[in-house]
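Asks: what follows is a predicted protein model with its sequence.
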Amino acid sequence: MHGESRSQLAQDDDETHSEALSKADNGFDSDHPSSHQDESLSSPEQEPKLEARLPPSNGTGDVERNAAAAGFSNDSRGKQEDERQAFLVKWEEGEKGNPRNFSPVRKAFLTFLLGMLALSASLGSSIIAQAQPQLAEYLGISEEITVFAVSLYVLGFVFGPLLWAPLSEQHGRKISMLPALLGLGLFSIGTAVSKNAASVFLTRFFAGVFGSAPVSNVSAALGDLYEPRARGIAVSFYAVCTVGGPTLGPTIAAAILSAPGLDWRWTEYVEAIFVFGITVIAYFFMPELYGPVLLQRKARRLRKETGDNRYWHPHESSTMNFSNILTKHLSRPLLMLTTEPIVTCIAIYASFVYGLLYLELEVFPIVYRQQRQWGLVVSTLPFLGLFLGVFFALIINLAFQPYYSRAVANNNGRAVPEARLPPMIVGSTFFVIGLFLFAWTGPPPTNPAPSIIATVFIGAGLTTSTPSFNVIFQQCINFLVDSYGLHAASAVSANTFLRSFFAFGLPLAANPMFHNLGVGPAGSILGGVAVLAWPVPLVFMKYGRRLRARSKMAPEEE
């Protein structure tokens, strides 16, 4: 999983892109979505200043005359501002063009389609993992080196959002995702036709760069479709799709490789076919969803239809600023990562969990294929235990939603970051239990059932789809969003930056670590790290408010 599209996870990403923007830029009045009122309509940079020009003084100290002139000028400025606001384009109440007013059936279809876009990209991260033995033989390299085919794909998730997130906020969701998916499909084919290790690794890296677009932007698109209070189920489905890709990839690849006449190249061909297919469907059936872009189009249409050029929207004057992109997604995240204790601790914890996901891609074949001597397809079935875990994660997250809603209501509608943490404590406990249980029941001659049960609890396993992973990861993101308000995008970018490096590096350590130390000791080391991290949510529940009060970037609380 990746993307870092914004969920939440999965809810994280969603709120990061949609909530951190100004209400005017989104084109929504969250309290009264009518045409008569809007909030924070534009920034000073987005609309021309209306200056009151006073007549020159006559030098005689005629204060009354100057005061009258000033009053007249202020009156004139007020009328100009009133006229300007009267022609500001926004959503009418119940307007069909507003994605939040789509029918439930259409919303459900678009939610499913967006989930498939995320699934197509996340599937690409792991589908080649089961082909590493064939890939090593064909390229004449060791299996340890072929791990880069997975790691470099995930490394692409570090750099992709630097382009796709700003493109999404400037030109809309559709143009930021569909061309990128075409790039993912083409680079997947490039991997399939590669004849040397360098070309395999290079095409896999760029496939990850392009594949990061839907992973990072789908959650924002769901924010365009749903009001925050109605977003939970949609985001949960997005989380299933995002974590389902890495979980299902090994089993799909094993089925491909076991078919007569199909080799490792077909794992990439199948990925490309899936990506192209879902992209074509989205091109014809998915409309643009981003509010500011839609309102910008509406303003142009009204000017054309009426001949009145006074219709306007703030997004028409916005541009992509390279300096702002670097600040928001690179320099400020790195600063927050090193100076904000909340960001540092949460990012390290979430990154450790996320990195274990990709480490397990290498560990499961060691345990079930090499040590237990299971067949190619059967040895990938424990991955489905991870996939089953995601549904338990959804239950946990949804069960705590009323608790969070009550906390917000009791806080006059303002976010309560610490109320995000109780589910994380539950997930952390499952995570620790799962790691130790898998470590000491995975290898033979122990019955395999306990180790498979452990995969349901691990949460970071080979994929992003167990209860502990989803609970920990989603609540980490939600906690950052609630804590940092307008700087939430940078806080989440810091988390994305660090976790992608963990996901890049940890798989490279899997083979030497688990072969040299053994599954039990190596797994226990990981479990020990998880035990050390277990108190993190408890610490922030007690001291989080105090840390935010000292922060220069967290919004002040009233």
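Replies: Noted; the coordinates are in hand.
Asks: so residue 447: helix, strand or coil?
Replies: The three-state assignment at residue 447 reads coil, by DSSP: H, G, I helix; E, B strand; the rest coil.
Asks: and it, how far is that from residue 484?
Replies: 47 Å (Cβ to Cβ, to the nearest Å). All C-beta spots, glycine's among them, are computed from the backbone N, C-alpha and C.
Asks: just residue 435 next, same as before
Replies: Applying Cβ to Cβ, the value for residue 435 to residue 484 is 30 Å.
Asks: and what of residue 190?
Replies: For residue 190 relative to residue 484 (Cβ to Cβ), the value is 39 Å.
Asks: have a look at those two and say which one is more surrounded.
Replies: Higher neighbour count among residue 190 and residue 484: residue 484, with 26 against 18, using other Cβ atoms under 10 Å.
Asks: element containing the more buried one?
Replies: helix 467-484 (DSSP states H and E).
Asks: would you mind identifying the next helix or strand past that helix?
Replies: By DSSP H and E, the next helix or strand past helix 467-484 is helix 488-517.
Asks: average pLDDT across that following helix?
Replies: Across helix 488-517, pLDDT averages out at 81.
Asks: give the next helix or strand downstream of it.
Replies: helix 519-533.
Asks: can I see the domain layout of this structure?
Replies: The record's domain split for the chain, according to automatic domain parsing, is 1-11+104-289, 321-548.
Asks: the ones you listed: which one's closest to residue 309?
Replies: Proximity to residue 309 (Cβ to Cβ) singles out domain 1-11+104-289 among those, at 22.8 Å.
Asks: thinking again about what came up before, list just the one of the domains of the chain that sits closest to residue 87.
Replies: Here domain 1-11+104-289 is closest among these (Cβ to Cβ), at 22.8 Å.
Asks: how far off centre is the closest one?
Replies: Computed by Cα atoms, centre = their mean, to the nearest Å, the chain-centroid distance of domain 1-11+104-289 equals 13 Å.
Asks: to residue 297, which of the domains of the chain lies closest?
Replies: domain 1-11+104-289 (8.0 Å).
Asks: so for that closest one, mean pLDDT?
Replies: Averaged across domain 1-11+104-289, the pLDDT comes to 88.
Asks: next: stretch 371-380.
Replies: 93.
Asks: and for stretch 451-466?
Replies: 64.
Asks: what's the answer for stretch 341-361, then?
Replies: Mean predicted confidence for stretch 341-361 is 83.
Asks: what residues sit buried inside that stretch?
Replies: 342-343, 345-361 (16 or more other Cβ atoms under 10 Å).
Asks: what does stretch 529-548 give?
Replies: Buried, per 16+ other Cβ under 10 Å, within stretch 529-548: 530, 533, 536-537, 540-541, 544, 547-548.
Asks: and the two most separated of those residues?
Replies: 530 and 548, at 25.8 Å, using Cβ to Cβ across these.
Asks: dump stretch 176-196 to CSV, keeping only the CA atoms.
Replies: Extracted C-alpha coordinates of stretch 176-196, given in CSV (Å, rounded to 0.1, in the frame of the first residue of the first chain):
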residue,chain,number,x,y,z
SER,A,176,-3.6,13.2,-12.3
MET,A,177,-4.4,9.4,-12.2
LEU,A,178,-5.3,8.1,-15.6
PRO,A,179,-2.2,9.2,-17.6
ALA,A,180,-0.1,8.0,-14.7
LEU,A,181,-1.8,4.6,-14.9
LEU,A,182,-1.0,4.3,-18.6
GLY,A,183,2.6,5.0,-17.6
LEU,A,184,2.4,2.2,-15.0
GLY,A,185,1.1,-0.2,-17.7
LEU,A,186,3.8,0.7,-20.1
PHE,A,187,6.6,0.3,-17.6
SER,A,188,5.1,-3.0,-16.6
ILE,A,189,5.4,-4.2,-20.2
GLY,A,190,8.9,-2.7,-20.2
THR,A,191,9.8,-5.0,-17.2
ALA,A,192,8.3,-8.0,-19.1
VAL,A,193,10.5,-7.4,-22.2
SER,A,194,13.7,-6.6,-20.2
LYS,A,195,16.8,-8.7,-21.0
ASN,A,196,19.1,-7.6,-18.2
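Asks: related to what we said a few turns ago, which of the buried residues of stretch 529-548 sits closest to residue 322?
Replies: For those, the nearest to residue 322 is residue 548 (30.8 Å; Cβ to Cβ).
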